[in-house]
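S.K.: A structural model of the following input is requested.
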Amino acid sequence: MEDVLDLYEEPYDPLRPVICFDESPKQLIAEVRQPIPAEPGSPARYDTEYERQGVCDLMMICEPKRGFRQVDITDRRTKVEFAQSMRHIADLYPEATVIRVVLDNLNTHKAASLYEAFPADQARALARRLEFHYTPKHGSWLNIAEIELAVLSNMCLSQRIPDKESLRRDVEANVQTRNTKATPVNWRFTTQNARRKLARLYPCVST
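M.R.: Numbers count the residues shown, from 1 in each chain. Coordinates of the predicted model:
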């Protein structure tokens, strides 16, 4: 926990950016009957019946100190898709000497996954540029990318979305609008706060 919090307290450094990464599934749902449009004083009405169209995975990449985010939309949630998102991150920061990535402990979120997607020399070169910082178990709330996914869900994913292209269009429109504002995340929970408010979680050391 303190490792991640210390990263958030550091001043912005474009050569050593702090990137948060998280992923979440999105169920694709199509309407069986045409919804009744909204009218003055009456909201739109949707049939309770629907048709499942599969699941996509949203992979959130965000740089909280710069107020920037991108979302990769994939058909699956495997080591290969994770590795491809890590390469995407590396491509976004070609001048960075090291990229610190905050992420959770999902079993695919390992450097070994890079070797599932790329030849060994490419995987190793990519691994040298990435420095993984894991949130603690039951502490995924420390990952700002999880917060970004929640915001994205509340803003544009709560309605039924029938297919991948519609999902991509809605997500890209939302991301573009928010990136235009480029508002950095003002993270206020520090290591000092953690030691005071979460003292029960620290080992008791006798002196």
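
S.K.: Quote the end-to-end distance of stretch 143-157.
M.R.: 20 Å (C-alpha to C-alpha, to the nearest Å).

S.K.: model confidence over the host helix or strand of D57, on average?
M.R.: Using DSSP states H and E, D57 sits in strand 50-63. Taken as a whole, strand 50-63 has a mean pLDDT of 89.

S.K.: for that strand, packing partners?
M.R.: Where contact means 3 or more C-beta pairs under 8 Å, 6 or more residues apart in numbering; DSSP states H and E, strand 50-63 is packed against strand 18-31, strand 68-74, helix 79-92, helix 144-152, helix 164-181. C-beta: built from backbone N, CA, C; applies to glycine.

S.K.: Can you give me the neighbour number for I89?
M.R.: Neighbours of I89 under the rule other C-beta atoms under 10 Å: 23.

S.K.: Backbone dihedrals for the closest residue to L114 other than its chain neighbours, both of them.
M.R.: Closest residue in space to L114, ignoring its immediate chain neighbours: A123 at 3.9 Å, by C-beta to C-beta, 6 or more residues apart in numbering. Note on A123: its backbone torsions stand at phi -60, psi -40 [degrees, to the nearest 10].

S.K.: For A123, grab the count of nearby residues.
M.R.: Neighbour tally, A123, other C-beta under 10 Å: 20.

S.K.: CA atoms only: put the strand holding D57 into CSV for me.
M.R.: Taking C-alpha atoms only, strand 50-63 is exported to CSV below (Å, rounded to 0.1, in the frame of the first residue of the first chain):
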residue,chain,number,x,y,z
TYR,A,50,-33.3,-8.5,-24.0
GLU,A,51,-30.8,-10.5,-26.1
ARG,A,52,-27.2,-11.2,-24.9
GLN,A,53,-24.5,-10.4,-27.4
GLY,A,54,-21.4,-11.6,-25.6
VAL,A,55,-18.9,-9.8,-23.4
CYS,A,56,-16.1,-7.3,-24.1
ASP,A,57,-13.2,-6.4,-21.8
LEU,A,58,-12.4,-2.7,-21.1
MET,A,59,-8.7,-2.2,-20.3
MET,A,60,-8.3,1.3,-18.7
ILE,A,61,-5.0,3.0,-19.1
CYS,A,62,-4.7,6.3,-17.2
GLU,A,63,-2.0,8.8,-16.2
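
S.K.: to the chain's geometric centre, what's the distance from that strand?
M.R.: 11 Å (C-alpha atoms, centre = their mean, to the nearest Å).

S.K.: go on, stretch 17-34?
M.R.: With C-alpha atoms, centre = their mean, you get 11 Å for stretch 17-34.

S.K.: Could you pull up phi and psi at E131?
M.R.: phi -120, psi 110.

S.K.: How about it, nearest residue that isn't a chain neighbour?
M.R.: Leaving out its chain neighbours, the residue that sits closest to E131 by C-beta to C-beta, 6+ apart is R100, at 4.9 Å.

S.K.: Could you check the pLDDT of the residue lying closest to L198 once chain neighbours are set aside?
M.R.: In this structure, L198 finds its nearest non-sequential neighbour in M1, 7.9 Å apart by C-beta to C-beta, 6+ apart. As predicted, M1 sits at a pLDDT of 93.
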